[in-house]
Each structure stands twice: as structure tokens, then as C-alpha cells.
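*Asks:* just coords:
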């Protein structure tokens, strides 16, 4: 067993390039061994780079393939996969992009990366059934203040100082819209969720964002300081399938 | 498209027939769903369905209604010295309960060390101590899943100095000791034979024919490295003529077996995969006619 441990340790170091030494025990040795190892190293590097590119098509399009290759290489040295399940690889790219100095000029890139990751998460998140109006109809109006809502498991909120929804939309493969976006036009607040099989992205007003994030955090209506027509907003999101259930506290 | 969620709907029998199937990847999911039954069975990578819900699992449920499905794992890291990932096994067990696959398979390889995943299939030294390690892990997995798994021979680009067994001898022993089956990937066999100078006939003869439950076919790529020519298992092209020849030789020896066409990169339209499957079916029929 000891030997197997050594072999895997050395092989793993050679793939991750944390050791310049040739792992012991490889047949043929020398150049031939390095050539063999290089194939495994390439498989790991290319496999993970392409997995990341699949997950972040807009980031890839914004920075270009060659820059993305460098970004991916740096990322996978910093965050090597902790699981064999590629579905969950790449979740820290937004944080990483924010500290990746060659990308500092693209101030909105980290938010775009977060948006793409949330999209991916929402796509694979648990299914939730939709709360129906009928279920609410029987409710005593006196309870309204003590009422809260469960949101779809796929619900994700993102607030950005940049117009990331437009940047995202203009960089979809099938988009032919104008490609000049004024970064000074202001930020946006977005909600992503999946009422059925397709992920939806919605732009929220400040008031809606406050209401829905408070509900997502478990607040009941009486606790929410709302200066707008809450009833209409609740109805709108109920119809769109954002809520899976309600509770009275 | 509306789909019934997690419905115990009417399903075709789970058994994988001794005919050609194709590896189902996400670009073809819809086409298969809309044209059910054009391929006799399908195989998917288990880990692609480890999400908690959504379209991939819903589509797979719907596709399962009309097709037997085989679950092929790439991430169990069976040969690793790291602890078995029980969360991974638990997810696989749930997927098995949901999909009711005809076959479940994994690889004779390792892919993690110290919790860091290569996400590739690295080779093992075929020693007695490795065999004991694999024997314990395969048994544990089969016990946990409550079923037999098939173990696939990997393609490899290097070998280790210390070896008590050939790869086929190792697989033979492992199958006898654990009761696991063997998934014989003929493209991997061809690639490894080329890269290491092994003899494919010797390899086949050393395998226990009655333990082989499935065959894989795929495309590979020739790469020039220095003065060497190395074959790489790329799954990005049609099955090579030489691998078709090896397939015919294997069928004469093994008889009819479920045969999978794998294609993972530079993926063509579904009809191209169906044509590859039809070609495999023709060889399977010819093999049957000869035997009869």
C-alpha cells in the first residue's frame, strides 16, 4: 500500500506541477516517462479549462479564448477540483476574477462570472412545485402580517453596480443587438429562478429587490418595511411561480 | 415541453440488450427524446446527473421510459489511496434508484490524491498490493450499491516498473475475487497495445470471457511526440478501422455483447452516431449468423 501511496503522490505532484522531480517507478523512465506524464497533465488542464469555458461562455466571450485559457490555468492552480463531479467545478471563479490582476480593467467581469454561476446553479437546483392562488384563498386576512413565503430552491439574487444584464444579453451566442453599452448607465438588481425547466432572469426595482430578498431571508410581511404596493408585487411573483409555499408565524 | 417529474411511469425493461447503443451527451438529449426508440439503448455519465433537479434529470427520466439505460461513472476514483467518497456513492445510489439502469460501470484507475481531483483516469501499478486494495474497494462499492458493477480497462500512456500482473490478468483476478463484471473498451485496448507494445490477442485470451458484460468503441488520435507516435483516447472521431477489426475478432471470441459507441468531443449530429451504431449492429448480426 505504501508504494501505491508514493506512486499516486508523485504522479499527482507531476500533474499539478508542484514538483519538478520525475515520479519514481515509471517504466522506461527519462524522456518517455515525461512524455507520458505530459499527456495526463494536458488531459487535466484541457479538460478543466473546457469545463470552465462551458460554464462561463459570456466571460469567455468578453475576454477572448486565449485570455480565458490563462485565467483558467491560474484558477485551477488556485482552486483544483475537490470533487470528481465537474458540475460543481468552477464555483469560485467570481472571487478569483476579482483578484486576478490581468483582468482588473474589466470591472464588471466578476459580477458577470457570478451571474453565470448562479444561472448554472439554478439550472441544476432542486425542483419546487408552485404555490397556487387557490391555496391562499382560504386564508384569514387577519393573518397577512404574520405570513411569509418559501421561494423556489433555484432563486438567486444579484445586485451589481454595472448593467450586467445588458452585458450578459448582448453576449449571448444568438444576440445581434448593439454592442456598445455605457457602463455609466447604472447598475441592476436581478433575480434568477427556475419555475419549471428553464431558468428565468428578471430585473427588479429596488423596492422589489428589498421585498423579495427579505422574504428569501425568512421575514414575514409585517417585518418588511415596504413603501409600495406589496400586494400587487406578491401577486405578480406568485403568478410567475417564484413561491413554492407560504407559512404563518 | 412538459414532462412528468419523477414519475414512476411505464418504462421499458431495464436489461441492456446485446446490440449497439450510444453514449448520450447533452446536445443530443432533445433529439433522442423526440425520436424515441431509434437507438436500442443509451449510456450516460452518472456524474452529469448529480444535480438536485432540473432539465437534465427530467429529460433522463423521460428518455428512460423508452430506453434501457446504463450508468457509466468516471469519478469514483476506485484505485485511489484516498478514502472512498461515500457522498459520491450515496448520490450514485440515489440515481440508480431513480433511473433503474441495466448496467452500472466504473474504471480500473485512480483520479484523486489528497482530495485533489485530476478529473482524468490515471493508471495503476498492477501489483499484488494494488489488487488487494481494489478488491476491498470494489467489494465495498458493490455491497453499498447492492449490485454488481462492471470495471473498464483504461487507455494508458505510461506503465510502471513493478508489475505482478498484466492488465488483463489483473482484471481477471479482480473479477474472480469480487464478482464484478468487465467492461472491455476495445479502443482503450487498441490504444494501450499501441502505446506499450502489448498484444491484443494475448490480452483477450487472458480475460474471463464469461465476466465481460459490455464493450465500448470510440475514436482515437495519433500524436507525434518527439520521435514517438502515441495514440490518445480522444473520443472525437469515428471508430478507427483497426478498432472495428479488433471488435470483429473480439465478437468471434466472446459472442454477442452490448456494444456502446462513445463520442465526447467534436460531437457530430445524432444520425452520425446512429450510423456508427448500425455498423456495430451489422457486425453483431454477422457474428451471430456465424455462430448459428
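*Replies:* Structure received. Model, not experiment: these values are computed from the prediction. Residues are numbered from 1 along each chain as shown, chains lettered A, B, ... in the order given.
*Asks:* for the chain, what's the longest helix?
*Replies:* If you meant another chain, say so; for now it's chain A. helix A:30-55 (DSSP state H).
*Asks:* meant chain B actually
*Replies:* helix B:270-291.
*Asks:* what's it packed up against?
*Replies:* strand B:20-23, helix B:241-254, strand B:259-262 (3 or more C-beta pairs under 8 Å, 6 or more residues apart in numbering or on different chains; DSSP states H and E). Any C-beta I mention is one placed from the backbone N, CA and C, and that applies to glycine too.
*Asks:* mind running it again at 10 Å?
*Replies:* strand B:20-23, helix B:29-34, strand B:212-218, helix B:241-254, strand B:259-262 (3 or more C-beta pairs under 10 Å, 6 or more residues apart in numbering or on different chains; DSSP states H and E).
*Asks:* could you give the angle of that helix to helix B:241-254?
*Replies:* 40 degrees (axes from the mean of the first three to the mean of the last three C-alpha atoms, to 10 degrees).
*Asks:* need the helix or strand of chain A with the lowest average pLDDT.
*Replies:* One helix or strand of chain A scores below all others by mean pLDDT, DSSP states H and E: helix A:133-137, with a mean of 86.
*Asks:* which residues in chain B form strands?
*Replies:* Using DSSP state E, the strands assigned to chain B run over residues B:20-23, B:42-45, B:69-72, B:103-107, B:110-113, B:116-122, B:150-152, B:181-185, B:212-218, B:221-225, B:228-232, B:259-262.
*Asks:* dump those into TSV; add mean neighbour count, mean pLDDT and distance to residue A:207 as well.
*Replies:* Converted to TSV, the strands of chain B look like this (neighbours: other C-beta atoms under 10 Å in any protein chain shown; pLDDT from 0 to 100; distance: least, C-beta to C-beta, whole Å):
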stretch	mean neighbour count	mean pLDDT	distance to residue A:207
strand B:20-23	24	98	50
strand B:42-45	22	98	45
strand B:69-72	24	98	48
strand B:103-107	25	98	51
strand B:110-113	26	97	48
strand B:116-122	23	95	44
strand B:150-152	23	98	57
strand B:181-185	25	98	58
strand B:212-218	24	98	56
strand B:221-225	13	93	57
strand B:228-232	16	93	57
strand B:259-262	24	98	53
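*Asks:* for the residue lying farthest from the centre of chain A, give its distance to residue B:37.
*Replies:* The C-alpha centroid of chain A is most remote from residue A:28, which lies 44.7 Å away (C-alpha atoms, centre = their mean). According to C-beta to C-beta, to the nearest Å, residue A:28 stands 49 Å off from residue B:37.
*Asks:* cool, and residue A:170?
*Replies:* From residue A:170 to residue B:37 the distance is 41 Å (C-beta to C-beta).
*Asks:* what residues does the residue farthest from the centre of chain A make contact with?
*Replies:* Residues in contact with residue A:28 (C-beta atoms under 10 Å, 6 or more residues apart in numbering or on different chains) are A:35-36, B:158-159, B:161, B:196.
*Asks:* follow-up on the earlier one: now distance to chain A too, for the strands of chain B, in TSV please.
*Replies:* Formatted as TSV, the strands of chain B follow (distance: least, C-beta to the nearest C-beta, whole Å):
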stretch	distance to chain A
strand B:20-23	16
strand B:42-45	9
strand B:69-72	13
strand B:103-107	11
strand B:110-113	4
strand B:116-122	4
strand B:150-152	15
strand B:181-185	16
strand B:212-218	15
strand B:221-225	5
strand B:228-232	6
strand B:259-262	15
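*Asks:* what comes up buried for stretch B:84-94?
*Replies:* By 16 or more other C-beta atoms under 10 Å in any protein chain shown, the buried positions in stretch B:84-94 come out as B:84-85, B:88-89, B:91-93.
*Asks:* near chain A, list only the ones from those residues.
*Replies:* Applying C-beta under 10 Å from any C-beta of the partner chain to the buried residues of stretch B:84-94, one finds that B:85, B:88, B:91 fall near chain A.
*Asks:* and the angle for the longest helix of chain A with strand B:116-122?
*Replies:* Using the same axes, to 10 degrees: helix A:30-55 against strand B:116-122 is 120 degrees.
*Asks:* report all helices and strands that helix A:30-55 contacts.
*Replies:* Under the contact rule (3+ C-beta pairs under 10 Å, 6+ apart), helix A:30-55 is packed against helix A:2-15, helix A:57-63, helix A:65-78, helix A:109-124, strand B:116-122, helix B:186-196, strand B:221-225, strand B:228-232.
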